[in-house]
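J.: Next comes the sequence, and after it the predicted model I'd like to discuss.
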Amino acid sequence: RDLDRARRVADELGAATAVPLDLRRDDLGLPDGQGYSAVVATVWDSHLNGLRYARERGLPYLSISSGLVDLTPEVVAGAQRASAAPILLASHCCAGLVVLAALELAREFHRVEAIRVALVLDELDGGGPAAVADMERLMAVTSAGLVRRDGVFTWVTGQEAQAEVLTADGTVLPGQTIAIPDVPSLALA
């Protein structure tokens, strides 16, 4: 999402290199003869070229930008050659950090009746324009949100999908329930 930031992280890791990809190309715009250890799709890969590239080379693939309604092509493509390479579909809010935090907090309780998570995405968000584009795409694909009630996954729309988000300073912002993998991940955990 941010090549300069990715390069800084790669430099800190020491044995990593960050390179820009062209997801419209089968070869991702990468030069021949280079060796890579993994493919990480941090923006929506509508052509699935990143997944295809990884599968053909036996590389692990991580996707963090597909919404719940976008995951099906990745699941099917991965299942078609399931032994080709490890695939992790982590298109959860903040690439799964919210799920991990909620699960860790839930360990303190014998029984959990409900989990509600709210997140504010604004012009200061660290994900930058790609995060905003992801949210706009998800909202354009469906205005329905996914919840689990009484053990049943349920799509909610209209007024039922509206939410209020309480910020740290007490401000209440209008929110919208969206369809992201966090819901089944938390519910099934």
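T.: Yes, it's here. Numbering: from 1, shown residues only.
J.: all helices for the chain, in order.
T.: For the chain, applying DSSP state H gives helices covering 3-13, 49-57, 71-80, 97-106, 128-141, 158-161, 182-188.
J.: Go through the ones you listed and name the closest to Arg24.
T.: Minimum separation from Arg24 across these (C-beta to C-beta) falls at helix 49-57, 7.2 Å. For glycine as for every other residue, the C-beta is placed from the backbone atoms N, C-alpha and C.
J.: Flag every buried residue along the helix or strand of the chain with the lowest mean pLDDT.
T.: None of the helices or strands of the chain scores lower by mean pLDDT, DSSP states H and E than helix 128-141, at a mean of 75. Of the residues in helix 128-141, Ala131, Asp134, Met135, Arg137, Leu138 count as buried by neighbour count, 16 or more other C-beta atoms under 10 Å.
J.: Repeat that for stretch 54-65.
T.: Those would be Ala54, Arg55, Leu59, Tyr61, Leu62, Ser63, Ile64, Ser65, for stretch 54-65 by 16+ other C-beta under 10 Å.
J.: was I right about the last one contacting Asp45?
T.: Spelled out, that is Ser65. Yes - with contact defined as C-beta atoms under 8 Å, Ser65 counts as touching Asp45 (7.4 Å).
J.: Would you point out which residue is most central in this protein?
T.: Ser91 (1.8 Å; C-alpha atoms, centre = their mean).
J.: For Leu88, see how far away the closest residue to it other than its chain neighbours is.
T.: Computed as C-beta to C-beta, 6 or more residues apart in numbering, the closest residue to Ser91 that is not its neighbour in sequence is Ser66, at 4.4 Å. Distance, Ser66 to Leu88, using C-beta to C-beta, to the nearest Å: 12 Å.
J.: So which of those two has more stuff around it?
T.: Higher neighbour count among Ser66 and Leu88: Ser66, with 26 against 15, using other C-beta atoms under 10 Å.
J.: mind listing what that one touches?
T.: Shown in contact with Ser66 (C-beta atoms under 8 Å, 6 or more residues apart in numbering): Ala41, Trp44, Asp45, Glu74, Leu89, Ser91.
J.: Quick check: it vs Val43, distance?
T.: 10 Å.
J.: Quick check, pLDDT for Gln162.
T.: What the model reports for Gln162 is a pLDDT of 93.
J.: Which residue, other than its chain neighbours, is closest to it?
T.: Take Gln162 and drop its neighbours on the chain: the residue closest to it by C-beta to C-beta, 6+ apart is Gln176, 6.5 Å away.
J.: Please apply the same query to Ile87.
T.: Spatial nearest neighbour of Ile87, excluding adjacent residues (C-beta to C-beta, 6+ apart): Gly78 at 4.3 Å.
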